[in-house]
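K.L.:
just the structure for this:
(one chain, ligands or ions: 1)
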Amino acid sequence: MRFDILTLFPEMFAGPMTESILKRAQEAGLIQVNLFNIRDYTTDKHHVTDDTPFGGGGGMVMKPKPLVAAIRDVKKTDTCPVILMSPQGRVFNQRVARELAQYERLILVCGRYEGVDERVIELCITDEISIGDFVLTGGELPAMLLVDAVSRLLPGVLGAEQGAELDSHATGLLEHPHYTRPANFEGLEVPSVLLEGHHAKIEAWRRREGIRRTWQRRPDMLADAPLSEEEKWFLAELAKQQPRQPNTNLTD
Ligand code: 9D3
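P.N.:
Numbering: from 1, shown residues only. The predicted structure is shown next:
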């Protein structure tokens, strides 16, 4: 998969793309990340990329000419998605990541200032994506996050072991708690079922604890999680016994 990223701040991408898994994926030729500086497509003496909004009001708007020139130069005659990272976009999630992982190539456009001239969107943009209902300073961090989430879905990017786990882990639930050595840490014991080596029991415990956590922290996710009849019974028991903690994960 090839990611072509258009930005006014290409240097912001150094860290996340050159460490760990994404670094290895690039070295292995599984992904390619190309950065293009929108400022290189200005034709005026002072390399201006923004201007005041028609109609007045605060802030600045990205000028259409350099941005459209950049997109057209990078895209050539290809028909790949051209995605604007934008607070007005559809909200990114794992389903969107899976959808985007099907393409051979994505062009990501990072906005700055108050936004981009609407005619850029009309002429060049095929999709707009937001990463959630909070306000950032630009589209660069959202683009990095998208590259990360999409890349790990590509064959070979994660280790073979983790890759196999990807399918089985699409449970629609939060994960169970994890533990490693020592079995007693500062007086806190690892649940004994995990030390006993009874694999069916361990799987049942993990599944149950995943359901418990999802109920406590993300009850909204239970609506579409596929549960067995026994698990539905367990959930009903939880609902009786344990008052759910208030949801502090509000969007505004
Ligand atoms: C005051 C109106 N703001 C719109 C919500 C203006 C504005 C704020 C922040 C315009 C652009 C930005 C910069 N943000 C992004 O470019 C962005 C973003 C975000 O802020 N949150 C979540 N996802 C994204 S994707 C791109």
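K.L.:
was I right about residue 172 contacting residue 223?
P.N.:
No. With contact defined as C-beta atoms under 8 Å, residue 172 does not count as touching residue 223 (9.3 Å). Just so you know, the C-beta spots here come from the backbone N, C-alpha and C atoms, and that holds for glycine as well.
K.L.:
who has more neighbours out of those two?
P.N.:
Neighbour tally, residue 172 and residue 223, criterion other C-beta atoms under 10 Å: the higher count belongs to residue 172, 15 against 7.
K.L.:
so what's the more buried one up against?
P.N.:
221, 224-226 (C-beta atoms under 8 Å, 6 or more residues apart in numbering).
K.L.:
just the buried residues from those, in PyMOL please.
P.N.:
PyMOL command restricting the contacts of residue 172 to the buried ones, with burial defined by 16 or more other C-beta atoms under 10 Å:
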select buried, resi 225
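K.L.:
flag whichever of the contacts of residue 172 scores worst on pLDDT.
P.N.:
pLDDT is lowest at residue 224 among the contacts of residue 172; the value there is 87.
K.L.:
now that residue, nearest residue through space, not along the chain?
P.N.:
Spatial nearest neighbour of residue 224, excluding adjacent residues (C-beta to C-beta, 6 or more residues apart in numbering): residue 172 at 6.0 Å.
K.L.:
next up, the contacts around residue 160.
P.N.:
So residue 160 contacts nothing (C-beta under 8 Å, 6+ apart).
K.L.:
how near is it to the ligand?
P.N.:
33 Å (C-beta to the nearest ligand atom, to the nearest Å).
K.L.:
contacts for stretch 68-75, please.
P.N.:
So stretch 68-75 is contacted by 4, 6, 34, 36, 38, 40-41, 82, 107, 109, 119-120, 123-124 (C-beta under 8 Å, 6+ apart).
K.L.:
I'd like the residues you listed laid out as a markdown table, including distance to the ligand.
P.N.:
Formatted as a markdown table, the contacts of stretch 68-75 follow (distance: C-beta to the nearest ligand atom, whole Å):
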| residue | distance to the ligand |
| --- | --- |
| 4 | 17 |
| 6 | 13 |
| 34 | 20 |
| 36 | 17 |
| 38 | 13 |
| 40 | 20 |
| 41 | 19 |
| 82 | 15 |
| 107 | 15 |
| 109 | 10 |
| 119 | 17 |
| 120 | 13 |
| 123 | 19 |
| 124 | 16 |
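K.L.:
return the members of these classed as buried.
P.N.:
So, of the contacts of stretch 68-75, 4, 6, 36, 38, 41, 82, 107, 109, 120, 124 end up buried under the neighbour-count rule (16+ other C-beta under 10 Å).
K.L.:
check the secondary structure at residue 109 for me.
P.N.:
When classified by DSSP: H, G, I helix; E, B strand; the rest coil, residue 109 comes out as strand.
K.L.:
check contacts around it.
P.N.:
Per C-beta under 8 Å, 6+ apart, neighbours of residue 109: 6, 67, 71, 82-85, 116, 120, 124-125, 139.
K.L.:
same question, residue 85
P.N.:
Neighbours of residue 85 in contact, by C-beta under 8 Å, 6+ apart: 108-111, 128-131, 139-140, 142-143, 146.
K.L.:
at 7 Å instead, please
P.N.:
108-111, 129, 139, 142-143 (C-beta atoms under 7 Å, 6 or more residues apart in numbering).
K.L.:
nearest to residue 23, of these?
P.N.:
residue 143 (17.0 Å; C-beta to C-beta).
K.L.:
many thanks, have a good one.
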